[in-house]
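# Everything below, folded, please.
(2 chains)
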Amino acid sequence: MRFIFKTSYDQDINLARHNGQRLWYGLLGLVALAAPWVLPEYWLAQLTFIYIYATVGVGLMLLAGFTGQFSIGHAAFMGVGAYAEAYLAARGWPFPLAMATSVALSGAVGVVVGLPALRVKGLYLGIATLSFGFIVEEIMARWESVTGGSAGRAVVAPAIGDWKVNSSEGFYLLCLVCVALSTLLVMNLLRSPTGRAFVAMRDSEISAQSMGITLSVYKSMSFAISAALAGLGGALYAHKMQFISPEQFSIVQSIDLLLMVVVGGLGSVHGAFLGAAFLIGMPQLISLGKDFLPPVIGQAAGLQGVVYGVILIAFVMLEPMGIYGRWLKVRTWLELYPFYRRGMFKRQKTFQKSDRLK
Amino acid sequence: MLLQIIVAGIAQGCVYGLVALGFVLIYKATETVNFAQGELMMLGAFFALAGMGILGLPFWLASLLAVAAMGLVGLAIERAVIRPVLGQPAFSIVMLTFGLGYLARGSVTMVPGIGTDTHALAVPYKGVTLNAGGVVLSAEQMVIIGCTAVLCLLLWAVFRFTRIGIAMQASSQNQLAAYYMGIPVQRLNGLVWGLAAAVATIAGILLAPFTFVHANMGFIGLKAFPAAIVGGFSSLPGAIVGGVVIGLVESLSGFYLPEGFKDVMPYVVVLVMLTIKPTGLFGERVRKKV
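Just a heads-up that it's a prediction; the model follows:
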């Protein structure tokens, strides 16, 4: 058990609480930097995908986990970013500029989609974002001069002039930089007044409003940042896949993204990373497990859906804080051994939380 | 021609309306948005298919059996997964229903030989057309409209005249007060889930002649959300009216507007509705008191 002796107020908002965290995250960073020279090609690609999804996940976590606005159309923002990047890269824009433009574009779209959020909330907002997702998917399928229609379009490697990032190691490092920057951005945001306003809004809009938080401004801001990060993830995704088509950004992808943040652990930045690792690792685990199952079950097409469904239901019912919540429990158990009590993380039941007129 | 398009739109809209009715029933009872409603519809259609194909029952009997079986499935779902998580944030429950959807779709796909194919449900009125004054109407559409009307009357009568219906109304208005009055709220919630699943099954069987029966037919449930929103999420007649509006918008835009608008127009209507009147046509205005 570690006790921190606080000698200044800044210690409350430092990114790293104590030297132990600095050490471990520093080591993690070094391992991530060394990975291209250690890991074989295939695992490097999987790790790249984890970073890409984590970029989107950190954004969605900000919206769903910290602002309490949930979006069932988040893949659409990814799609906007991906297609903008594909279009601009094909016209020969240098990739930092193209990426910045596509991020800005999806951020702008995020503000537009956030507009209904100013009037509606909860379920209605979910359906508004769902509708928006469908509309964007249809636009992607129909606007053939830019998107290539349902047939999809190829994406060129990121380049500045003649210098191209076409090795998988180079692209891995690019993704690493992007995910690290977006995580730092979100972490920094969360310890600033803006982030505190987001959390206050999540816990109670009315009390946030009565403390002088302008809901409309902060909601739009949250949507914009979240959409921009999804756009960044989408741009990277486009380069990684080298081919994009509208069905990659459909409602199924949106639900996968939600699954990622819920399984990872709503309301924690770690959760976005753990969720991304889950989302990428799970199909691998399933295909490994297939060999041990009888062929009638193992070879069936719906196995993945069943496994995802069961895991999602199990997490909501048994561990609503997700993988990160489970880790917190394990860590506390280790730190306090042998004094851990079962009730330490007991949830409060909130039966009174009803939107109904009372 | 125009009349035919309108009738087709109304028929399609009735199916949306029936699925939306399920959402609204569940939402009113448990404040849960059930994103697996479309999957319940798909399961119901598969039950009817199994009843006809494997048990060799006639259509009507198989349908009745499927409706009853799905009612039980609805009860079981409520008891097993929804009741333990009530009181948690709405978002977790929504994710839970997404999980149910995954599970239903996956397990149907896993049934060897049946799950991955598209099936035609052999309805006795297939291909019959009625010629009324120069307008050719297909029997499938008339059956949908007729069944929906009968079902609405039936539900209205249940909610208006029976003890259990009035108890459901009471508990949907104020759960706590209903509980104090001795209404078994939890058991009623289970019944509501059963009822919603049964209504979804009817929708699935009615829809089967048009879209065939396959594992992904549940995605049509996502079009029932616009219906529920347009009608107002807390109003039962609103769900049917909203469904008809969405069905009409869809079929008319399919006819008059260029290709591609047909699938998008319902969602455009919803976004417009949400910005103009978020409570829908029949919804009640809810204000939170602090």
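# going forward, measure contacts and count neighbours with C-alpha atoms only.
Noted.
# any low-confidence regions in chain A?
Chain A contains residues with pLDDT under 70 at A:1, A:298-299, A:347-358.
# And the strands in it?
A:153-154, A:159-160, A:163-164, A:243-244 (DSSP state E).
# now swap in the stretch 1-150 of chain B and tell me
Under the criterion DSSP state E, counting those that start in this stretch, strands of the stretch 1-150 of chain B are mapped to B:129-132, B:135-138.
# Let me know which of those strands is the nearest to chain A.
strand B:135-138 (30.2 Å; C-alpha to the nearest C-alpha).
# Now do the closest one: which elements does it pack against?
Other elements packing on strand B:135-138 under the criterion 3 or more C-alpha pairs under 8 Å, 6 or more residues apart in numbering or on different chains; DSSP states H and E are helix B:2-30, strand B:129-132.
# would you turn the ones you listed into CSV with mean pLDDT?
Shown next, in CSV, are these (pLDDT from 0 to 100):
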stretch, mean pLDDT
helix B:2-30, 87
strand B:129-132, 74
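# Poorly predicted segments of the stretch 51-200 of chain B, please.
Confidence mapping of the stretch 51-200 of chain B against pLDDT under 70 gives the ranges B:133-134.
# How about the residues of it by chain A?
B:81, B:84-88, B:90-93, B:95-96, B:98-112, B:116, B:174 (C-alpha under 8 Å from any C-alpha of the partner chain).
# Buried ones from the residues you listed, can you make that a ChimeraX selection?
To isolate the buried ones among those in ChimeraX, judged by 16 or more other C-alpha atoms under 10 Å in any protein chain shown, type:
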select /B:81,85,86,87,88,90,91,92,93,95,96,98,99,100,101,102,103,104,105,106,107,108,109,110,116
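# burial count for the residue nearest to A:Y172 when sequence neighbours are not counted?
Excluding its sequence neighbours, the residue lying closest to A:Y172 (C-alpha to C-alpha, 6 or more residues apart in numbering or on different chains) is A:T48, at 5.5 Å. By the criterion of other C-alpha atoms under 10 Å in any protein chain shown, A:T48 has 24 neighbours.
# Let's have the helices and strands packed on strand B:135-138 in JSON lines, adding distance to A:L259 and mean neighbour count.
Below are the helices and strands packed on strand B:135-138 laid out as JSON lines (distance: least, C-alpha to C-alpha, whole Å; neighbours: other C-alpha atoms under 10 Å in any protein chain shown):
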{"stretch": "helix B:2-30", "distance to A:L259": "22", "mean neighbour count": "25"}
{"stretch": "strand B:129-132", "distance to A:L259": "46", "mean neighbour count": "12"}
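# got JSON lines for these, with distance to B:I183 too?
Below are the helices and strands packed on strand B:135-138 laid out as JSON lines (distance: least, C-alpha to C-alpha, whole Å):
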{"stretch": "helix B:2-30", "distance to B:I183": "13"}
{"stretch": "strand B:129-132", "distance to B:I183": "48"}
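# just checking, what packs against the host helix or strand of B:V244?
In the assignment (DSSP states H and E), B:V244 maps to helix B:236-256. Counting contacts by 3+ C-alpha pairs under 8 Å, 6+ apart, helix B:236-256 packs against helix B:2-30, helix B:221-231, helix B:261-276.
# OK, contacts around the residue nearest to the spatial centre of chain A?
Centrality entry for chain A: nearest residue to the mean C-alpha point is A:G57, 0.4 Å, by C-alpha atoms, centre = their mean. Counting by C-alpha atoms under 8 Å, 6 or more residues apart in numbering or on different chains, A:G57 touches A:230, A:257, A:260-261, A:272-273, A:275-276.
# Over to A:E41?
Counted by C-alpha under 8 Å, 6+ apart, A:E41 has contacts A:S168.
# cool, the one 3 residues further on as well?
Under the criterion of C-alpha under 8 Å, 6+ apart, the contact list for A:L44 reads A:35-36, A:168-169, A:172.
# out of those, which one sits closest to chain B?
Relative to chain B, and with distances defined as C-alpha to the nearest C-alpha, the nearest of the contacts of A:L44 is A:Y172, at 31.8 Å.
# so the closest one touches A:I50, yeah?
No - at 10.5 Å, A:Y172 does not count as touching A:I50 under the criterion of C-alpha atoms under 8 Å.
# Could you check how many residues crowd around A:V263?
Neighbours of A:V263 (other C-alpha under 10 Å): 30.
# where's the residue lying closest to it once chain neighbours are set aside relative to B:L21, distance?
Take A:V263 and drop its neighbours on the chain: the residue closest to it by C-alpha to C-alpha, 6+ apart is A:G322, 4.7 Å away. Computed with C-alpha to C-alpha, to the nearest Å, the distance linking A:G322 and B:L21 is 33 Å.
# Which residue, neighbours along the chain excluded, lies closest to A:L266?
In this structure, A:L266 finds its nearest non-sequential neighbour in A:G65, 4.8 Å apart by C-alpha to C-alpha, 6+ apart.
# Who are the contact partners of the one you found?
Counted by C-alpha under 8 Å, 6+ apart, A:G65 has contacts A:261, A:266-268.
# Next, count neighbours for A:V310.
Quick note: A:V310 (other C-alpha under 10 Å) scores 16 neighbours.
# I'd guessed B:P112 sits against A:A300; true?
Yes - taking C-alpha under 8 Å as the definition, B:P112 is a contact partner of A:A300 at 7.3 Å.
# residues contacting the residue lying closest to A:G149 once chain neighbours are set aside?
Distance criterion C-alpha to C-alpha, 6+ apart; nearest residue to A:G149, sequence neighbours excluded, is A:A141 at 4.3 Å. Applying C-alpha under 8 Å, 6+ apart to A:A141 gives the contacts A:147-150, A:245-246.
# biggest separation within these, which pair?
A:G148 and A:P246 (9.4 Å; C-alpha to C-alpha).
# and these two? which has more neighbours close in?
Legend: neighbour count by other C-alpha under 10 Å for A:G148 and A:P246, higher for A:P246 (23 against 18).
# interface residues of the stretch 151-300 of chain A facing chain B?
A:255, A:258-259, A:262, A:296-297, A:300.
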